[in-house]
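Asker: structure of the sequence below:
(2 chains)
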2 protein chains.
Amino acid sequence: MQLTLFSDYALRLVLYLAVHEDRVVPIEEVSRAYGISKNHLVKVVALLVEENVVESVRGRSGGLRLARSPRDITIGWLVRRTEPDMDLVECFDPRTNTCPIAPVCGLKHALREAREAFLAALDRSTVAELAAPRKHQPLIALWSRALANGGS
Amino acid sequence: MQLTLFSDYALRLVLYLAVHEDRVVPIEEVSRAYGISKNHLVKVVALLVEENVVESVRGRSGGLRLARSPRDITIGWLVRRTEPDMDLVECFDPRTNTCPIAPVCGLKHALREAREAFLAALDRSTVAELAAPRKHQPLIALWSRALANGGS
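Answerer: Below is the predicted model of the structure:
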């Protein structure tokens, strides 16, 4: 059981922008600070702009910034939007299910409850908490080291 | 976020054996009752035998049966054993992590808590509950229909 790289990158990007809320951040900087592909990030940004989480500022000194307060972004909300599929097993989707016992099987309910518990736990965390002022210095120190090393 | 087909099949197999606790079940029957690949099931059986959940009875009238009471098998325990990887994101495994901020990032803790909430919810369900006597008739009716249709 894993989250997609897409969700992982979305979470990292939003955290970066929350810590750097005072300025517009070039996408290349985020890519280099984490050592991750800019091409992947571009797709993540496209979704987050569509979801009105990130704002893309055009022009020479353009880049990205959060479109809403980090206090208003929960990790659960973000993961629900970035995961392409929260169907833990095939019977979650009646359109593609092939399991003959799906109509009466209790497993689906047990797994649904577990999924809800997972998301409810993530709903209790906001980006603001992850980017609290006391965490800025240690986070920026590690990003700076990656940027100095050239990123990838 | 999805469970592997391996976990899905393991859960289905254990449920089938729990409902048919009175006899030894040929693996072909399970394969046909769900319309799933016998080759996949063989790998699932190998792990569940190793984990002492399933017993493989050799011989002409051989097959599979549960090696322990369905009351003693929780869905959480089973999923922990069948999922190859519960590392939701790469920083869960320090050996392969490449994210530079992992040592100070709070995201890992939020995701870990969510994973624990997920597994704790599944720990509250046992195979015995899913295979309760009142569910036998409706489950057997649907398996029988699949078996009559030839399975796959």
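
Asker: from here on, contacts and neighbour counts on C-alpha atoms
Answerer: Will do.

Asker: now do the strand or helix carrying A:Glu28: which elements does it pack against?
Answerer: Assigned by DSSP states H and E, A:Glu28 belongs to helix A:27-34. Packing partners of helix A:27-34 (3 or more CA pairs under 8 Å, 6 or more residues apart in numbering or on different chains; DSSP states H and E): helix A:38-50, helix A:133-148.

Asker: the longest one packs against which elements?
Answerer: Just to be clear, that refers to helix A:133-148. helix A:27-34.

Asker: please, where are all the strands along chain A?
Answerer: A:54-57, A:63-66 (DSSP state E).

Asker: in chain A, where is pLDDT below threshold?
Answerer: Where chain A drops to pLDDT under 70, the residues are A:151-152.

Asker: which of the strands of chain A is buried the deepest?
Answerer: The highest average neighbour count among the strands of chain A, using mean count of other CA atoms under 10 Å in any protein chain shown, belongs to strand A:63-66 at a mean of 22.

Asker: hang on, the earlier thing: let me have the helices and strands packed on helix A:27-34 in TSV, extended by mean neighbour count.
Answerer: Listed next are the helices and strands packed on helix A:27-34 as TSV, based on neighbours: other CA atoms under 10 Å in any protein chain shown:
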stretch	mean neighbour count
helix A:38-50	16
helix A:133-148	15
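
Asker: out of those, which gets nearest to B:Arg112?
Answerer: helix A:133-148 (18.9 Å; CA to CA).

Asker: tabulate the CA atom coordinates of the closest one in CSV.
Answerer: C-alpha atoms of helix A:133-148 as CSV (Å, rounded to 0.1, in the frame of the first residue of the first chain):
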residue,chain,number,x,y,z
PRO,A,133,7.6,28.8,11.9
ARG,A,134,9.8,26.8,14.3
LYS,A,135,10.3,24.3,11.5
HIS,A,136,11.4,26.8,8.9
GLN,A,137,15.0,27.0,9.8
PRO,A,138,15.8,23.3,9.8
LEU,A,139,13.8,22.7,6.6
ILE,A,140,15.4,25.6,4.8
ALA,A,141,18.9,24.4,5.9
LEU,A,142,18.3,21.0,4.2
TRP,A,143,16.7,22.5,1.1
SER,A,144,19.6,24.9,0.8
ARG,A,145,22.1,22.1,1.0
ALA,A,146,20.4,20.3,-1.8
LEU,A,147,20.2,23.5,-3.9
ALA,A,148,24.0,24.1,-3.2
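
Asker: so what touches that helix?
Answerer: Helix A:133-148 is contacted by residues A:19, A:29, A:32-35, B:100-101, B:104-105 when judged by CA atoms under 8 Å, 6 or more residues apart in numbering or on different chains.

Asker: tell me the two of these that are most distant?
Answerer: A:Glu29 and B:Val104 (19.4 Å).

Asker: related to what we said a few turns ago, just the buried ones from the contacts of helix A:133-148?
Answerer: Taking 16 or more other CA atoms under 10 Å in any protein chain shown as the criterion, what is buried in those is A:19, A:29, A:32-35, B:100-101, B:105.

Asker: so which of those residues comes closest to A:Ser125?
Answerer: Closest approach between these and A:Ser125, by CA to CA: B:Cys105, at 13.0 Å.

Asker: so what's that closest one up against?
Answerer: Taking CA under 8 Å, 6+ apart, one finds A:130, A:139 in contact with B:Cys105.

Asker: for A:Leu139, see how far away it is.
Answerer: Using CA to CA, to the nearest Å, B:Cys105 is found at 7 Å from A:Leu139.

Asker: burial of A:Ala124, as a residue count?
Answerer: In this structure residue A:124 is Arg, not Ala. Neighbour count for A:Arg124, taken as other CA atoms under 10 Å in any protein chain shown: 14.

Asker: wait, doesn't it sit right on A:Ile73?
Answerer: No - counting by CA atoms under 8 Å, A:Arg124 stays clear of A:Ile73, with 10.3 Å between them.

Asker: how about A:Pro26: what's its closest non-neighbour residue?
Answerer: Spatial nearest neighbour of A:Pro26, excluding adjacent residues (CA to CA, 6 or more residues apart in numbering or on different chains): A:Gly63 at 4.2 Å.

Asker: that neighbour against A:Val25, yeah?
Answerer: Yes - applying CA under 8 Å, one finds A:Gly63 in contact with A:Val25, separated by 4.9 Å.

Asker: my read: A:Val79 touches A:Ser7, true?
Answerer: Yes - counting by CA under 8 Å, A:Val79 touches A:Ser7, with 6.2 Å between them.

Asker: so what touches stretch A:7-27?
Answerer: Contacts of stretch A:7-27 (CA under 8 Å, 6+ apart): A:30, A:38, A:41-42, A:44-45, A:48, A:54, A:57, A:61-66, A:70, A:75, A:78-79, A:82-83, A:127-128, A:130-133, A:136, B:89.
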